[in-house]
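K.L.:
no sequence on this one, just coordinates:
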């Protein structure tokens, strides 16, 4: 059918937004509670990371520049990378929330929408480089130890 005849369905968009928000919330809780450098997001993590370094070796992942993902030049560069995972990664092109600055949480001003495979590539790189570790340390500092809790 003609793509111009399709319209955005508000209910479908809302369901996608809810699913993306739930994924973001779950992921953030996870990296705030476990050492993310040991975390495996998919069974293809090693391949995703190897290809990501090959395609995007100069991409800074601690604080993402939106143009590195959203500009026309970036889209041309990302497309072949993303398409390598079609049929391998479930929902590889599903809209997923990504934190711009990995030192911060999922606040509105720190969040952009990317494809699931872009999220995996960037978060696997952040995890392997230890960039998400401060979130765990920050979370650990905020929680009282078992001894402190019992002494109250």
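P.N.:
Happy to help now that I have it. Bear in mind the structure is a predicted one, so any value in this text is a computation, not a measurement.
K.L.:
give me the contacts around the lengthiest helix in the chain.
P.N.:
Using DSSP state H to define each element, the chain has its longest helix at helix 10-33. Defining contact as Cβ atoms under 8 Å, 6 or more residues apart in numbering, one finds that helix 10-33 is touched by 36, 39, 94-97, 99, 105-106, 111, 113, 123, 127, 132, 135-136, 138-139. Heads up, the C-betas are built off the backbone N, CA and C, glycines and all.
K.L.:
packing partners of the next helix or strand after that helix?
P.N.:
Next along the chain after helix 10-33, taking DSSP states H and E as the criterion, comes helix 45-55. For helix 45-55, the packing partners by 3 or more Cβ pairs under 8 Å, 6 or more residues apart in numbering; DSSP states H and E come out as helix 72-83, helix 116-128.
K.L.:
give me the residues contacting the first one.
P.N.:
To tie it back to what came earlier, the one meant is helix 72-83. 51-52, 55-56, 67-69, 92-93, 115, 117-118, 121.
K.L.:
pull the most distant pair out of the residues you listed.
P.N.:
67 and 92 (22.4 Å; Cβ to Cβ).
K.L.:
of those two, which one has the most company?
P.N.:
Counting neighbours by other Cβ atoms under 10 Å for residue 67 and for residue 92 shows that residue 92 has the greater number, 20 against 10.
K.L.:
buried residues, stretch 79-90. List them.
P.N.:
Of the residues in stretch 79-90, those buried by neighbour count under the rule 16 or more other Cβ atoms under 10 Å are 81, 82, 84, 85, 89.
K.L.:
same question, stretch 108-122
P.N.:
Residues of stretch 108-122 classed as buried by neighbour count (16+ other Cβ under 10 Å): 110, 111, 114, 115, 116, 117, 118, 119, 120, 121, 122.
K.L.:
shaky segments in this structure?
P.N.:
Scanning the chain for pLDDT under 70 picks out the ranges 1-9, 140-152.
K.L.:
quick check, central residue of it?
P.N.:
Computing the C-alpha centroid of the chain and ranking residues by Cα atoms, centre = their mean puts residue 119 first, at 3.4 Å.
K.L.:
wait, that one touches residue 94, no?
P.N.:
No - in this structure, residue 119 is not within contact of residue 94 by Cβ atoms under 8 Å, at 9.2 Å.
K.L.:
shouldn't residue 60 be within a helix?
P.N.:
No - the secondary structure assignment for residue 60 gives coil rather than a helix, going by DSSP: H, G, I helix; E, B strand; the rest coil.
K.L.:
many thanks, have a good one.
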